[in-house]
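Student: take a look and give me a structure for this.
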Amino acid sequence: MQASEETAAGRAMPPPSALARAEAAFHAGRIAEAERLCREALAFRPVDAAAFNLMALIQHRQGNLDAAQERLKEAITLAPDNAGYWYTLGRLALLRGELGHAAKAFAAAVARAPGLAEAHLRLGECRLRLGDTQAARASFAAAAARAADPRKAHAGAGRLLMQAGLAGEAIPHFRAWAEAAPSNAEAWRALGRAAFAADRPEAAKEAFAQALAFAPEDAETHMNLGVAAAALGETTSARVALERAVALAPASALARLNLGNVLDEAGEGARAKGCFEAALAIDPSLAEAHSNLATLLLHEGDFARAEAHFRRALALAPDYPEAHNNLAQMKLLQGDFADGWRGAEWRRRTSDYRARLRHVRLPRWQGEPVAGRTLLLWCEQGIGDEVQFVSLVPDLLAAGARVVLEGDRRMSGIYARSFPGIEVVARREPADERCRGADIAFQASLEDLLPILRPDPTRIPKPGPYLKADSDRATAMRATYQAGAGDKMLVGLSWRGGTRKSKGAARSTALADWLPVLGQEGIRFVSLQYGPVAEEIARFRAETGLEIVLDPAVDALADMESFFAQVAALDLVISIDNATVHVAGALGRPVWTLLPPVPSWRWLLGRSDCPWYPSMTLVRQREAGAWGPVMAEVAERLGALVAGRRADDGGVER
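Tutor: Model prediction:
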């Protein structure tokens, strides 16, 4: 503890200078001797403020904070204008957790000595911890303005703000420190950490790069640079930085963990798995490594080991939301909806969920009676989930609820046509005024409805088509696609989807994979692939001579009305797992969904039918990445379907 340890000028000294010798003994660390001499001084002169101050310092060093505080109050009674005594009293109160008393003491100190920068800094700390951020800012600014070395004041203020979780507020202080000491690597590191914590990865990356200019062999800074680059999606530079961190600090479990995260993001699961295993060999208590390894094992289909590592992660960190949520996804995939829905509640604590959270001022519906009451429904995820889970809206209408559905603006017309008994509101920011209506009794995400209305995979109702396309547009599109095709089947194809985060690469294909399918006779194939695919299709046609119709009037990303009509116009849809299969299923169109060995939880395991969509057939890979057998099976099914149509001009079979 820094404190005022000077003797008061001009005081009478007991012979032979007991107080001076007490101070010397104190500074030399001879505490017992210092106490004995200080007591002699007080016995000679019981009104000596400096002696009481020194006794307070001695008792603080001995760990007797109560006695130290009393001695200091006696010193202040004798010398109320001594700023140093007030400052020391504040430090003692701070150590005792008495923030209010500490703030008053530091305020008294700066009132008596406005240039006492350390007192301004500690006053700012108290105000910050008491929740008065604005006053704390003023104190930190005063500390920096009055300090003999402003760098120290800025560094101290920045650290205190970081401890309070105010990384954004810390950034200006750390930047001032770094700019005043441009060759100080620690200043740049502190700035980088604050910027990253404030969700400013670009600024963090720049600061860490500056730190490395002055400390190029610092493994932790290389690691932090890599993490910041990864947050920016700069996978290559992130990998370089993290590999350098591992090379400099091979015993760093965190460096290996973060390298594993980047490799996993890049789709290099095998290498990522090795990094997580190496991290755990160094530090078996690293919960994140257990959880991330478990997630990789889950995607490999090694469910037993995955669960073991998820459980270990949760034993180490019981409140780890990502581990709970990922374990829940595995349980749902395995058909254990009871455990799955229970664990999925933890998604609410993940950072991803917090960014999507809406309408929190309204009570969440948890199964209360809804007859005659108004529910506001919204969706947590993307368009595919929204299309799937609006299938639960009829359940609520049947229970007598009035429903306000806030959905993707592209779906507004489709929902209004399909559910004439509800109010449809387009999702926007800020939310539509209707979402704050006084009549709304509850809110729930569509995903919130699942544990209540779909608690068991064996009891999912078999709905018919529950969404409706514009029938006139669908009829017109069908006529266009059939022109010149004779009696050929119209089959829609989609071959790509997902993101890195959703393991899109594992469930996506290349057009070349579809050669056995596209070579089938008696079919006109229509592209349902969203995004810019014209050049890809033209190149494929030039290389193979096989035709895929691309309708320039349809933009699935911008106009869901035209996309729904296009899907409704077709005899069959064949697609990998993306939004297209949900559209086809919701419309009741025959759809074959091609899945990797470990798909999204909704498709469950080991079955070819789909409980969510009666018109859907699931075609599964037997081995990850092996689309050849899947396409051969699809081609065989398709050939049989065409032959059946020729023999019997009936409808399309599943």
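Student: give the helix, strand or coil label for the closest residue to P457 other than its chain neighbours.
Tutor: Once flanking residues are discounted, P457 sits nearest to G335: 5.2 Å by C-beta to C-beta, 6 or more residues apart in numbering. C-beta coordinates here come from the backbone N, C-alpha and C atoms, glycine included. Using DSSP: H, G, I helix; E, B strand; the rest coil, the structure places G335 in coil.
Student: does G335 touch W603 like I think?
Tutor: No. Using C-beta atoms under 8 Å as the test, G335 is too far from W603 to be in contact (11.0 Å).
Student: more neighbours, the two?
Tutor: W603 (20 against 17; other C-beta atoms under 10 Å).
Student: pLDDT wise, what is the more buried one at?
Tutor: Predicted confidence (pLDDT) for W603: 97.
Student: mind listing what E202 touches?
Tutor: By C-beta atoms under 8 Å, 6 or more residues apart in numbering, E202 lies in contact with 228, 232.
Student: what's the helix or strand for it?
Tutor: Per DSSP states H and E: E202 is located in helix 201-214.
Student: what residues sit buried inside that helix?
Tutor: 201, 203-212, 214 (16 or more other C-beta atoms under 10 Å).
Student: what's the next secondary structure element after that helix?
Tutor: helix 219-231.
Student: that following helix to helix 201-214, inter-axis angle?
Tutor: If you take axes from the mean of the first three to the mean of the last three C-alpha atoms, to 10 degrees, helix 219-231 sits at 150 degrees to helix 201-214.
Student: residues touching helix 219-231, excluding its own?
Tutor: Residues from elsewhere that reach helix 219-231 (C-beta under 8 Å, 6+ apart): 185, 189, 192-193, 196, 201-202, 204-205, 208-209, 211-212, 215, 235, 237-242, 244-245, 248-249, 252, 254-255, 258-259, 261-262, 265.
Student: are any of the residues you listed buried, and which?
Tutor: Buried by 16+ other C-beta under 10 Å: 185, 189, 192-193, 196, 201, 204-205, 208-209, 211-212, 215, 235, 237-242, 244-245, 248-249, 252, 254-255, 258-259, 261-262, 265, out of these.
Student: narrow the residues you listed to those in helices?
Tutor: Using DSSP state H, the members of the buried ones among the contacts of helix 219-231 that fall within helices are 185, 189, 192-193, 196, 201, 204-205, 208-209, 211-212, 235, 237-242, 244-245, 248, 254-255, 258-259, 261-262, 265.
Student: can you count the residues close to the closest residue in space to L557 that isn't next to it in sequence?
Tutor: Excluding the flanking residues, the one nearest L557 by C-beta to C-beta, 6+ apart is Y530, at 5.2 Å. By other C-beta under 10 Å, the residues close to Y530 number 19.
Student: hmm, E380 is touching R354, no?
Tutor: No. E380 is beyond contact range of R354, at 11.1 Å (criterion: C-beta under 8 Å).
Student: within the helices and strands, which one has T475?
Tutor: In this structure, T475 sits in helix 471-482 according to DSSP H and E.
Student: can you tell me the SS state at D199?
Tutor: coil.
Student: actually A344, not the one I typed
Tutor: helix.
Student: tell me how many other residues surround it.
Tutor: A344 has 22 neighbouring residues, counting by other C-beta under 10 Å.
Student: next, count neighbours for the closest residue to it other than its chain neighbours.
Tutor: Sequence neighbours aside, A328 is the residue nearest to A344 in space, at 4.3 Å (criterion: C-beta to C-beta, 6+ apart). By the criterion of other C-beta under 10 Å, A328 has 23 neighbours.
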